[in-house]
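Chemist: The sequence isn't on hand, but the structure is:
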Ligand SMILES: [Zn+2]
């Protein structure tokens with residue numbers, strides 16, 4: 001945080017320096033854009049092919065073929081979910097929350113894409129529907145579906161609580177789910193767990209101190225966030241122990257609810273019009 005009383009005196013031209021105009025660092029207009037008209041045609045006629053329930057304070061894995069959709073549903077009560085994505089054929093290619101944030105902003109909605117880490121950097125999934133898109137940004141600067149939080153984890157909790165051991169943080173839930181799904185040792189699986197998309201969570205930064213905050217999620221049963229899988233995906237979703245994250249996480253105090261992941265397939269003849277994303281065009285030589 002910035003000091004309340006800076007030790008360094010402001011220079012004479014401080015006001016002028018602060019008044020410089022911000023420039024969007026990564027204007028997304030030149031990105032390979034999603035063909036939303038095609039996705040709308042594809043999603044008009046979907047058939048459910050799999051259904052996965054994520055138990056409260058736990059995580060579950062699911063698989064989505066390239067060209068299929070998946071929906072994360074709120075069921076029973078307000079609940080936030082922590083989402084990890086890997087390329088099903090190469091678990092080193094996983095979701096890059098930081099670059100996704102730099103490209104699309106702090107909170108995602110329809111038309112935004114979930115990008116994979118370097119050296120892959122290509123769209124893994126595209127958001128095709130968001131029943132909470134009406135929320136926008138609230139008076140606190142909060143919004144839903146952020147890529148600014150990392151995931152609740154037992155290491156940070158142990159530091160903040162002077163050693164308390166809590167085993168159902170999203171990080172641990174995702175680790176157990178990935179190990180169970182793949183047969184990887186828990187330690188190997190843990191190293192593949194990564195920063196998440198915080199589905200349905202309402203978060204922001206305080207205007208005065210720039211601190212990460214959360215507030216009660218506006219999600220209600222019946223809401224869903226829908227994605228189109230651009231590549232074959234292995235996903236893991238944790239139903240955060242924070243429940244709707246209105247008070248605390250990393251404990252068993254909050255009311256928690258399950259989440260549902262539905263995998264859906266479009267009509268095969270329509271799907272034939274879709275092309276998978278190209279490999280990243282950088283040559284990988286790093287000038288060497
Ligand atoms: Zn969590």
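Modeler: Nice, I can see it. Since this is a predicted model, take the numbers as computed values, not measurements.
Chemist: pretty sure residue 38 belongs to a strand, no?
Modeler: No. Assignment of residue 38 by DSSP: H, G, I helix; E, B strand; the rest coil gives helix, placing it outside any strand.
Chemist: Quickly note the distance from it to residue 274.
Modeler: 6 Å (Cβ to Cβ, to the nearest Å). In short, each C-beta sits where N, CA and C put it, glycine included.
Chemist: Find the residue closest to the spatially most central residue of the chain in space, skipping its chain neighbours.
Modeler: What sits nearest the mean C-alpha location of the chain, by Cα atoms, centre = their mean, is residue 197, with 1.0 Å. Distances taken as Cβ to Cβ, 6 or more residues apart in numbering put residue 83 closest to residue 197, at 4.5 Å, once the chain neighbours are dropped.
Chemist: Okay, the one you found and residue 3: tell me how far apart.
Modeler: In terms of Cβ to Cβ, residue 83 sits 36 Å off from residue 3.
Chemist: who has more neighbours, the two?
Modeler: residue 83 (27 against 7; other Cβ atoms under 10 Å).
Chemist: which residues make contact with the helix or strand bottoming out on mean pLDDT in the chain from outside it?
Modeler: Lowest on mean pLDDT, DSSP states H and E among the helices and strands of the chain sits helix 268-271, with a mean of 86. If you take Cβ atoms under 8 Å, 6 or more residues apart in numbering as the criterion, helix 268-271 is touched by 41, 42, 45, 67, 265.
Chemist: Model confidence score at the fourth one, please.
Modeler: Residue 67 carries a pLDDT score of 96 in this model.
Chemist: What is the neighbour count of it?
Modeler: 20.
Chemist: Skipping adjacent residues, who's closest to it in space?
Modeler: residue 271 (5.1 Å).
Chemist: Next, residue 176: secondary structure please.
Modeler: Residue 176 ends up helix, using three-state DSSP.
Chemist: Just to check, it is in contact with residue 184?
Modeler: No. Judged on Cβ atoms under 8 Å, residue 176 makes no contact with residue 184 at a distance of 11.0 Å.
Chemist: Looking at those two, which is more packed in?
Modeler: Using other Cβ under 10 Å, the more surrounded residue of residue 176 and residue 184 is residue 176, with 21 against 16.
Chemist: can you pull the contacts of that one?
Modeler: 58, 59, 186, 189.
Chemist: Next, give phi and psi for the third one.
Modeler: Per-residue torsions, residue 186: phi -60, psi -40 (degrees, to the nearest 10).
Chemist: Going by residue numbers, what spans are helices in the stretch 101-250 of the chain?
Modeler: 154-160, 170-182, 186-192 (DSSP state H, counting those that start in this stretch).
Chemist: Three-state assignment for residue 262, please.
Modeler: Classified using three-state DSSP, residue 262 is strand.
Chemist: Now do the strands in the stretch 1-150 of the chain.
Modeler: In the stretch 1-150 of the chain, strands defined by DSSP state E, counting those that start in this stretch lie at 46-54, 59-64, 69-74, 81-87, 90-94, 113-115, 123-130, 143-146, listed in chain order.
Chemist: Reformat the ones you listed as a markdown table; add distance to residue 107.
Modeler: Output for the strands of the stretch 1-150 of the chain, formatted as a markdown table (distance: least, Cβ to Cβ, whole Å):
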| stretch | distance to residue 107 |
| --- | --- |
| strand 46-54 | 22 |
| strand 59-64 | 22 |
| strand 69-74 | 15 |
| strand 81-87 | 14 |
| strand 90-94 | 20 |
| strand 113-115 | 13 |
| strand 123-130 | 10 |
| strand 143-146 | 4 |
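Chemist: quick one: which of the ones you listed is nearest the ion?
Modeler: Closest of the strands of the stretch 1-150 of the chain to the ion is strand 81-87, at 5.1 Å (criterion: Cβ to the ion).
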